[in-house]
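Engineer: Test case, fold it:
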Amino acid sequence: MPIKIPDLLPARSVLEGENIFVMTEHRAIHQDIRPLNVLILNLMPTKIVTETQILRKLSNTPLQVTVELLRTSSYQSQHTDEDHLSSFYTTFDRVKDRNFDGMIITGAPVENLNFQEVDYWDELCAIMAWTRSHVHSTLHICWGAQAGLYFHYGIEKRSLPQKLFGVFDHRVLKPNSPLFRGFDDVFQAPHSRYTEVYESDIRADPELELLSVSGGAGVFAVKSRDSRQFFITGHPEYDPDTLAREYFRDREKGIPIQVPRNYFPGDDPSRPPIVRWRSAGQLLYTNWLNYYVYQTTPYDLTHVS
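Structural biologist: Modelled structure (predicted):
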């Protein structure tokens, strides 16, 4: 898929090196088609890594997608250069009067805080409320999924006895769901989190539909009945070495951390990990973009409501 991104975004050279067709702004203005407009609220501290991972997953359909990157204005990132943020990111006050076909809200390393203790919680609530009337379909990832479930449906997150860390098997509960079209009955996905949501809480809400669970990782995929809100508790977009980098980072800092499960061959961190989730991760993002954004969004974005 031709992803329209700023000409100088670092992800461009990475994706082009992987033979992914990236359309720069200069080329896109010469095409007379209506692209999908997707907004990414990137809450991760490693913003360049995360934006590249997500852009890679939005890259396997013939659709043209214009991607815009959003950051919070109530919290200043400590891990991303301000020049990068000012060059490639916008803020909510600049987009709140516009409509979007799709939106992705990432996770953030703030799970052990109560939602109200997060510095940008009020701003995030305002953005999530805005999505109900200005975004056709919103995809929430990891902590973003927990935040969305709490804000929209009052579903509490619960602390785990230890970090859920590794690659886990998942079952598709609704094989006919377009989100899982083409999936095997069992697929794998990475998780890295200290909290969870209870399956019983999801099933108790008639406005929610549980789509996939894991015996080792619990709830994985949930959507609203109207398909306007999606919640994914894992990280199907992760790179091959993401869990390894997290593991070695925490170990070097003296933070208690177990070897990620089902990741290193023989649980030996000296051996390169084997990727078992790439195809499922690609298919999940592609299916969401195709079936829940492109095929149902109004041609005139002013009709999104």
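Engineer: from memory D205 sits against E156, does it?
Structural biologist: No: counting by C-beta atoms under 8 Å, D205 stays clear of E156, with 12.0 Å between them. Every residue, glycine included, has its C-beta placed from N, CA and C.
Engineer: Who has more neighbours out of the two?
Structural biologist: When D205 and E156 are compared for neighbours, D205 comes out ahead with 17 against 12, by other C-beta atoms under 10 Å.
Engineer: for stretch 186-193, what is the average pLDDT?
Structural biologist: Averaging pLDDT along stretch 186-193 gives 97.
Engineer: tell me the contacts of the nearest residue to P298 once chain neighbours are set aside?
Structural biologist: Of all residues not flanking P298 in the chain, V304 sits nearest, at 6.2 Å (C-beta to C-beta, 6 or more residues apart in numbering). V304 makes contacts with 99-101, 133-136, 297-298, as judged by C-beta atoms under 8 Å, 6 or more residues apart in numbering.
Engineer: please redo it, this time with the cut-off set to 10 Å
Structural biologist: By C-beta atoms under 10 Å, 6 or more residues apart in numbering, V304 lies in contact with 37, 98-101, 131, 133-137, 228, 297-298.
Engineer: Just name the closest of these to P6, please.
Structural biologist: Of all the contacts of V304, N37 has the smallest distance to P6: 14.5 Å, by C-beta to C-beta.
Engineer: tell me which element the closest one falls in.
Structural biologist: Following DSSP states H and E, one finds N37 within strand 36-41.
Engineer: which element follows that strand toward the C-terminus?
Structural biologist: Using DSSP H and E, the helix or strand that follows strand 36-41 in sequence is helix 47-57.
Engineer: that older thread, which neighbours in the sheet does the strand holding N37 have, and how are they oriented?
Structural biologist: Sheet pairing for strand 36-41, assigned by DSSP bridges, gives strand 65-70 (parallel), strand 100-105 (parallel).
Engineer: what about the first one, distance to the chain center?
Structural biologist: In this view, strand 65-70 has its centroid 13 Å away from the chain centroid, taken as C-alpha atoms, centre = their mean, to the nearest Å.
Engineer: Poorly predicted segments of the stretch 51-200 of the chain, please.
Structural biologist: 60-61, 78-80 (pLDDT under 70).
Engineer: who does the longest strand seen in the chain touch, helix- and strand-wise?
Structural biologist: For the chain, the strand with the greatest residue count under DSSP state E is strand 158-172. When contacts are defined as 3 or more C-beta pairs under 10 Å, 6 or more residues apart in numbering; DSSP states H and E, strand 158-172 sits against strand 186-196, strand 208-214, strand 218-224, helix 242-252.
Engineer: Need those in JSON lines (columns: mean neighbour count).
Structural biologist: Output for the helices and strands packed on strand 158-172, formatted as JSON lines (neighbours: other C-beta atoms under 10 Å):
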{"stretch": "strand 186-196", "mean neighbour count": "21"}
{"stretch": "strand 208-214", "mean neighbour count": "20"}
{"stretch": "strand 218-224", "mean neighbour count": "24"}
{"stretch": "helix 242-252", "mean neighbour count": "16"}
